[in-house]
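Enquirer: Return atomic coordinates for the entry below.
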Amino acid sequence: MGDVMRSAIQFDAPGKVSIVEESLLPLQAGEVLVASEVSAISSGTELLAYRGQLPASMVLDETLASLQQNVSYPLRYGYASVGRVTAYGTAVPASWEGARVFAFHPHASHFIATPADLVVLPDTLSFEDAAFLANMETAVSFMMDGRPMIGERVLIVGLGVVGLLLASLLCRQKDLVVDAVDLDPRRCARGALVGINKATADSGALEATYDLVYELSGNPAGLNVAIEKTRETGRIVVGSWYGTKPASLDLGGRFHRAKLNLYASQVSKIDPRHAGRWSKGRRLQLASALLGVVRPSRYITHQFSIREAAKAYALLDEKTADALQVIFSYK
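Expert: Next up, the predicted model:
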């Protein structure tokens, strides 16, 4: 393999995006080269990185080889890259040639990985659907952590991509009543299409009748809405990461008297309650299969080339359009 040049997106400073042109190192025996087809922008954690709202004391993600750097600029982010293996090292079986793969890797036209870092995709799954694998894994993790039970009333606060994916999984259980609240009425309309019973932009229209509430808005104010709408002894699963945004919570009212349960859910590791039976690989396999059922590529509202990266992040940051899922295309 000769020298391979690539283009990679880099945050030089909060709100500052550049494209880095560089050559890749030669492949080692146990590595493969992946040519990206698409990669998805996370409007949660990745947007926090873009805005400079990640805690400086933390590693980007200690469980992912490609994101094991401290939060300091310049930095590269992204964890939803999909592509095809175009070259492989001498210790890698030839069957990897041409494999369609997903990787938790920052946005770049090409990247080097080991086979262990990759998820092989079924031929029936489009690259665009596969770009949602990380988000679907998160939705599966929320299901495992929330453990919705027969006949329960469930509320989702925040109908971004992960909220919609979670809703699609919850609504497969026909005995659950699933409602949602989101400040954007356009997202509420999308929620109705996946089977949500009631989706509203007005949280005041909802009573405190929910056994299980998921807070996925990314806005600390959403957690107060969750506390307000959960019935006595109910469960609140907090999936949002607020970064450095302060959260002022109303814990002096019914939170105490109603004995509500707050649970922080985070997808990077398997929760100890499930670790004896589940592995990261098993959960990803399930998420991959569910992508074939849900087909989330319908949530892609905007597609950019890597050269238009600054425009793509500004679109999500300013929320001036119905930007739900934004992806980069490398074709």
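Enquirer: which residues of the stretch 201-331 of the chain fall in helices?
Expert: For the stretch 201-331 of the chain, applying DSSP state H, counting those that start in this stretch gives helices covering 220-229, 254-257, 280-294, 309-318.
Enquirer: Nearest to L25, out of those helices?
Expert: Across those, L25 has its closest neighbour in helix 309-318 (23.4 Å, C-beta to C-beta). The way it works is simple: take the backbone N, C-alpha and C, and place the C-beta from them, glycine included.
Enquirer: Just the CA trace of that closest one, in CSV.
Expert: The C-alpha trace of helix 309-318 is given here as CSV (Å, rounded to 0.1, in the frame of the first residue of the first chain):
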residue,chain,number,x,y,z
ALA,A,309,-18.0,20.7,8.1
ALA,A,310,-18.1,24.2,9.6
LYS,A,311,-21.5,24.8,8.0
ALA,A,312,-22.8,21.5,9.3
TYR,A,313,-21.9,22.2,12.9
ALA,A,314,-23.2,25.7,12.7
LEU,A,315,-26.5,24.4,11.5
LEU,A,316,-26.8,22.1,14.5
ASP,A,317,-25.5,24.7,16.9
GLU,A,318,-27.9,27.4,15.8
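Enquirer: show me where pLDDT drops low in the stretch 201-331 of the chain?
Expert: Scanning the stretch 201-331 of the chain for pLDDT under 70 picks out 320-321.
Enquirer: Give the buried residues for stretch 170-183.
Expert: By 16 or more other C-beta atoms under 10 Å, the buried positions in stretch 170-183 come out as 170-171, 176-182.
Enquirer: Of those, which is the nearest to S126?
Expert: When these are compared for distance to S126 (C-beta to C-beta), C171 wins out at 22.4 Å.
Enquirer: hang on, the earlier thing: what would the helices of the stretch 201-331 of the chain look like in CSV with mean neighbour count?
Expert: Putting these into CSV (neighbours: other C-beta atoms under 10 Å) gives the following:
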stretch, mean neighbour count
helix 220-229, 20
helix 254-257, 13
helix 280-294, 16
helix 309-318, 17
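Enquirer: can you put the ones you listed in CSV and add distance to N197?
Expert: Listed next are the helices of the stretch 201-331 of the chain as CSV, based on distance: least, C-beta to C-beta, whole Å:
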stretch, distance to N197
helix 220-229, 14
helix 254-257, 24
helix 280-294, 18
helix 309-318, 29
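Enquirer: what's the closest of these to K331?
Expert: Among those, if distance is taken as C-beta to C-beta, the winner is helix 309-318, at 15.6 Å.
Enquirer: Who are the packing partners of that closest one?
Expert: Here helix 309-318 touches strand 16-23, helix 45-51, strand 300-305, strand 325-329, going by 3 or more C-beta pairs under 8 Å, 6 or more residues apart in numbering; DSSP states H and E.
Enquirer: what angle do that helix and strand 325-329 make?
Expert: Here the directions of helix 309-318 and strand 325-329 differ by 180 degrees (axes from the mean of the first three to the mean of the last three C-alpha atoms, to 10 degrees).
Enquirer: Next step: the buried residues of stretch 170-183 restricted to helices.
Expert: L170 (DSSP state H).
Enquirer: out of the buried residues of stretch 170-183, who's nearest R153?
Expert: For the buried residues of stretch 170-183, the minimum distance to R153 (C-beta to C-beta) is 4.7 Å, reached by V177.
Enquirer: wait, doesn't that closest one sit right on I156?
Expert: No - assessed by C-beta atoms under 8 Å, V177 is found out of contact with I156, at 11.8 Å.
Enquirer: Tell me what Q303 is bridged to.
Expert: Per DSSP bridges, the residues bridged to Q303 are I327.
Enquirer: A310 versus L67, what's the distance?
Expert: Counting by C-beta to C-beta, to the nearest Å, the gap from L67 to A310 is 21 Å.
Enquirer: do K269 as well
Expert: Remark: distance between K269 and A310 (C-beta to C-beta) = 33 Å.
Enquirer: same deal with N135?
Expert: Distance from N135 to A310, counting by C-beta to C-beta: 23 Å.
Enquirer: How about the backbone phi and psi for the residue nearest the centre of the chain?
Expert: Taking C-alpha atoms, centre = their mean, the centroid of the chain lies closest to N135, which sits 3.4 Å from it. Dihedral angles of N135 (phi, psi; degrees, to the nearest 10) stand at phi -70, psi -40.
Enquirer: surely it meets L165?
Expert: Yes - counting by C-beta under 8 Å, N135 touches L165, with 5.7 Å between them.
Enquirer: Quickly list what's touching both of the two.
Expert: By C-beta atoms under 8 Å, 6 or more residues apart in numbering, N135 and L165 have these common neighbours: P296.
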